[in-house]
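Colleague: give the three-dimensional model of this entry:
(2 chains)
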Amino acid sequence: MITEKVVEDVAVKILQLAVTELPQDVKKALQRAYREEESEAGKTQLKAILDNVELAEKTRTPMCQDTGVIIFYVKAGSQVKGLDKIENALRKATIRATKEVPLRPNAVDPFTQKNTGNNTGRFIPFIHWEIMPGDNLEITVMPKGGGSENVCALGMLSPGMGVNGLKKFVVDTMIKAGAKPCPPNILGVAVGGGADIAMKLAKAALLRPLDQPNPDPNLAKLEKELYEAAKSTGIGPMGLGGKFTVLGVKVDYAHRHPASYPVAVAFQCWAARRASVRINPDGSVEYLTHKVV
Amino acid sequence: MATYKLETPISEEDVRKLRVNDVIYITGTMITARDSAHRRALEFRKEGKKLPINLQGLAVFHCGPIVRKEDDKWIVVAAGPTTSTRMDLFEDEFIKNFKVRVVIGKGGMGKKTTDAMKQYGAVYGAFTGGAAVLAAKAIKNVKNVEWHDLGMPEAMWILEVEDFGPLTVAIDAHGNNLFEDVQKKVEEKRLKIYKKLGV
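Modeller: The predicted structure follows:
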């Protein structure tokens, strides 16, 4: 049975896994960046990042003091019973993880500036729902840091500019961001839909593993082009110069209104934290991004 | 580039030796100070009041740490750097008045601070953003906390550190600013990148 208690317990677990241990694809990309970076200052930064990641994993401590705003992506099988209880379970898990991991309390009322102290609040943790066929439940958590969030950008471009406009907007956004989003970053880029849809897709694109190329060959080509462009900016790790401004670029799209060409760029810092779990109908769980013994 | 291990109190001569891209590790005493602690320190100076600690030759870390109390003892759990540009408002006066020799943070600082570092002898050490566990590991002891009324992140934490780093010297005491150099070079590449992308 997928009970509220099971969901709560595994959600606490994926929160803990996410903030203390990077998924393999991100670790590998950081190691590769360290091997291939030519700038001395950039190499020093990447070494410090790798040492920090290793130490965090060993001591089960959050790898960054900013444990982010908590965002869940839930793929719910339509036959799962008690779907109405899941939101409550995820809120309870967030409160527990804040104490147990611990996470930094990051939910502030924008009018009173009061921090709730437990990472929950109005619409927070935010939950993205997707209804799937089947009887299992897949939950992904993305604790999203503030530094990289602050440079995310939306451009409502002229449709006449087309893909060229998109490319220029991405390059300009990256150069403007510079050292601020704690590079090397992962960039999520999405075009189309509308302002909200583009940003939602851009952010969700950050969840695609770095070693998984885009299945659409045209988008895969665009991702590669933007990746090379990021490299040649020379911003480098932590903005101190070098090749590795990004670890990867992920592109997605939706069809657009004839008059609109929304382009969204979502930034993820080097602490690219995510963790996923699948809960089967018998209540058994499989961790999809991390090895759990 | 060279690697240096510095012990506090750090002399002006020590920091004048450093050049951008050098890597330093600090052992000794450092304080944390964000916006509020900078402001208060300068107010103290204006009013002729003495600071709780003599900062000459010490390092100031732009950081709001997560600190836990265990058996009456403070333990630093996480201590990553915060964005330094916010402290550009105060740092030139801070360096001039208190003679700190190393300023630590992330993202670099502006011209006013760079000029003060050149004039009075100080450097900016860039610490890897988010590397909170690495920083906490080098903090051996919390000596004291001052101005705790400013809140945990804004208070002045007086820390005993051992080989705190690596810090990349990003502003040296000779007017060089690595972040500005990188930004200039990036700006020069912008048109080339446009051209390559065909935009």
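Colleague: in the longest helix anywhere in chain B, what counts as buried?
Modeller: Looking across chain B with DSSP state H, the single longest helix is helix B:178-197. Neighbour counts using 16 or more other Cβ atoms under 10 Å in any protein chain shown place B:178-180, B:182-183, B:186, B:189, B:193-194, B:197 of helix B:178-197 among the buried residues. Glycine gets a C-beta too; all of them are placed from N, C-alpha and C.
Colleague: need those in JSON lines (columns: pLDDT).
Modeller: JSON lines is the format used below for these (pLDDT from 0 to 100):
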{"residue": "B:178", "pLDDT": "96"}
{"residue": "B:179", "pLDDT": "96"}
{"residue": "B:180", "pLDDT": "95"}
{"residue": "B:182", "pLDDT": "96"}
{"residue": "B:183", "pLDDT": "96"}
{"residue": "B:186", "pLDDT": "98"}
{"residue": "B:189", "pLDDT": "97"}
{"residue": "B:193", "pLDDT": "98"}
{"residue": "B:194", "pLDDT": "98"}
{"residue": "B:197", "pLDDT": "96"}
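Colleague: between the residues you listed, which is nearest residue A:249?
Modeller: Using Cβ to Cβ, residue B:197 is the member of these that sits closest to residue A:249, with 12.7 Å.
Colleague: where's the nearest residue to that closest one once chain neighbours are set aside relative to residue B:6, distance?
Modeller: Spatial nearest neighbour of residue B:197, excluding adjacent residues (Cβ to Cβ, 6 or more residues apart in numbering or on different chains): residue A:167 at 4.7 Å. Remark: distance between residue A:167 and residue B:6 (Cβ to Cβ, to the nearest Å) = 45 Å.
Colleague: also residue B:85?
Modeller: Distance, residue B:85 to residue B:6, using Cβ to Cβ: 24 Å.
Colleague: higher neighbour count, the two?
Modeller: Neighbour count, other Cβ atoms under 10 Å in any protein chain shown: between residue B:85 and residue B:6, residue B:6 has more, with 25 against 19.
Colleague: which helix or strand contains the more buried one?
Modeller: Here residue B:6 sits within strand B:3-7, counting by DSSP states H and E.
Colleague: just checking, what packs against that strand?
Modeller: If contacts are counted by 3 or more Cβ pairs under 8 Å, 6 or more residues apart in numbering or on different chains; DSSP states H and E, strand B:3-7 sits against strand B:23-32.
Colleague: direction included, what does the strand it packs on pair against?
Modeller: Counting by DSSP bridges, the strands paired with strand B:23-32 are strand B:3-7 (parallel), strand B:59-61 (parallel), strand B:156-171 (antiparallel).
Colleague: next structured bit after the second one?
Modeller: Spelled out, that is strand B:59-61. That would be, after strand B:59-61 and using DSSP H and E, strand B:66-70.
Colleague: can you list contacts of that next one?
Modeller: Contacts with strand B:66-70, where a contact means Cβ atoms under 8 Å, 6 or more residues apart in numbering or on different chains, come from A:65, A:102, A:104, B:74-79, B:132, B:142, B:145, B:152, B:157.
Colleague: show me what the most centrally placed residue in chain B is bridged to.
Modeller: When chain B is reduced to its mean C-alpha position, the closest residue under Cα atoms, centre = their mean turns out to be residue B:104, at 1.7 Å. Under the criterion DSSP bridges, residue B:104 forms beta bridges with residue B:61, residue B:125.
Colleague: show me what counts as buried in the helix or strand residue A:13 falls within.
Modeller: Take DSSP H and E as the rule and residue A:13 turns out to sit in helix A:4-20. Neighbour-count burial for helix A:4-20 flags A:6-8, A:10-20 (criterion: 16+ other Cβ under 10 Å).
Colleague: and which of these is nearest chain B?
Modeller: residue A:20 (9.4 Å; Cβ to the nearest Cβ).
Colleague: quick check: that closest one touching residue A:60?
Modeller: Yes. Judged on Cβ atoms under 8 Å, residue A:20 makes contact with residue A:60 at a distance of 5.3 Å.
Colleague: all helices of the stretch 101-250 of chain A, in order?
Modeller: A:146-149, A:162-177, A:195-205, A:217-233 (DSSP state H, counting those that start in this stretch).
Colleague: dump these into CSV; add mean neighbour count, mean pLDDT and distance to residue B:32 as well.
Modeller: Shown next, in CSV, are those (neighbours: other Cβ atoms under 10 Å in any protein chain shown; pLDDT from 0 to 100; distance: least, Cβ to Cβ, whole Å):
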stretch, mean neighbour count, mean pLDDT, distance to residue B:32
helix A:146-149, 20, 93, 18
helix A:162-177, 20, 97, 26
helix A:195-205, 21, 98, 32
helix A:217-233, 17, 98, 32
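Colleague: which ones are touching residue B:137?
Modeller: Residue B:137 neighbours (Cβ under 8 Å, 6+ apart): residue A:55.
Colleague: could you export the one helix or strand it maps to as PDB, CA atoms only?
Modeller: Taking DSSP H and E as the definition, residue B:137 sits inside helix B:132-138. The C-alpha coordinates for helix B:132-138 follow below in PDB (Å, rounded to 0.1, in the frame of the first residue of the first chain):
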ATOM      1  CA  ALA B 132      30.200  25.300   3.200                       C
ATOM      2  CA  VAL B 133      31.400  22.000   4.500                       C
ATOM      3  CA  LEU B 134      35.000  22.700   3.400                       C
ATOM      4  CA  ALA B 135      34.800  26.100   5.300                       C
ATOM      5  CA  ALA B 136      33.300  24.600   8.400                       C
ATOM      6  CA  LYS B 137      36.100  21.900   8.500                       C
ATOM      7  CA  ALA B 138      38.800  24.600   8.700                       C
END
